[in-house]
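Engineer: give the three-dimensional model of this entry:
(one chain, ligands or ions: 1)
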Amino acid sequence: MESILKNNRQWVKEQRAADPEFFNRLADGQQPKYLFIGCSDSRVPASAITGTGPGEMFVHRNIANMVVHTDFNMLSVLQYAVEVLGVQDVIVCGHYGCGGVAAAASNKQYGLIDGWLTNIRDVIRVHETEFMSVEDDELRLRRLVELNVIEQVRNLAKTSIIQNARKGAKPPRLHGLVYDIKEGLLSDLKVEENMIAEFDHIYSTNAQQYAAKVLEEETNNTKLTDDKPKLTDQKA
Ligand SMILES: [Zn+2]
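Structural biologist: Have a look, this model is predicted:
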């Protein structure tokens, strides 16, 4: 622990020497352009592998870089990044050699994490033919890492947060990247628009329809309330 504090003091010294206003500028607020959803794996540090510094990237990490629709932590990060910070790019970044993905591909129990890994097993089910057609074990897992990233990008597109943002003037672009720990290189999986739009007929929702329905219900409720005696009509 001591080394962490020592390193921190050294880092502050170096930053101040290079740019005396560095910390004052950061203290004024953040305007990051990117939201990075990555794996918790210690070998995949978001800032280092993307060459971004403090203030440039909003980050959410969990085991196997998942976008799970019941995860309020991830959804809160996504909503804040898109609707308040106005990030321009949302990146899902997986990595080869991902322990979470490998665990999901095995048929073992690991405890609490099993429920989380089920979300990756769903990816295997959807792509089972392709997954099983790769004979080499390592290559099959590498492909699963890629398929998982693609499905998590699709999961982003299924959220009402992204769907509503896409109706606005500056919707964030969605990307799927994979990091190769052995090489240190990032590659873009080119998750094209058509791969996201492919299931629009199932997943896309219309906020305006919903808003109109809520408004109609509210108007009806107000009418009902109007017929009822008001508090001010009642005698004390
Ligand atoms: Zn991982």
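
Engineer: quick one: contacts for Gln30?
Structural biologist: Gly55, Phe58, Leu85 (Cβ atoms under 8 Å, 6 or more residues apart in numbering). (Glycine included, C-beta is placed from N, CA and C.)

Engineer: how far away is the last one from the ion?
Structural biologist: This means Leu85. Distance of Leu85 to the ion, given as Cβ to the ion, to the nearest Å: 25 Å.

Engineer: tally of neighbours for that residue?
Structural biologist: 17 (other Cβ atoms under 10 Å).

Engineer: that one and Pro32 touch, don't they?
Structural biologist: Yes: at 6.0 Å, Leu85 counts as touching Pro32 under the criterion of Cβ atoms under 8 Å.

Engineer: what is in contact with those two at once?
Structural biologist: Phe58.

Engineer: hang on, Arg25 in a strand?
Structural biologist: No: if the criterion is DSSP: H, G, I helix; E, B strand; the rest coil, then Arg25 is helix and not within a strand.

Engineer: quick revisit: make CSV out of the contacts of Gln30 and add pLDDT and distance to Gln10.
Structural biologist: CSV is the format used below for the contacts of Gln30 (pLDDT from 0 to 100; distance: Cβ to Cβ, whole Å):
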residue, pLDDT, distance to Gln10
Gly55, 95, 20
Phe58, 98, 26
Leu85, 97, 30
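
Engineer: identify those among those that sit within strands.
Structural biologist: Phe58 (DSSP state E).

Engineer: nearest to Gly97, of the contacts of Gln30?
Structural biologist: Phe58 (25.3 Å; Cβ to Cβ).

Engineer: contacting residues around Gly53?
Structural biologist: Ser47.
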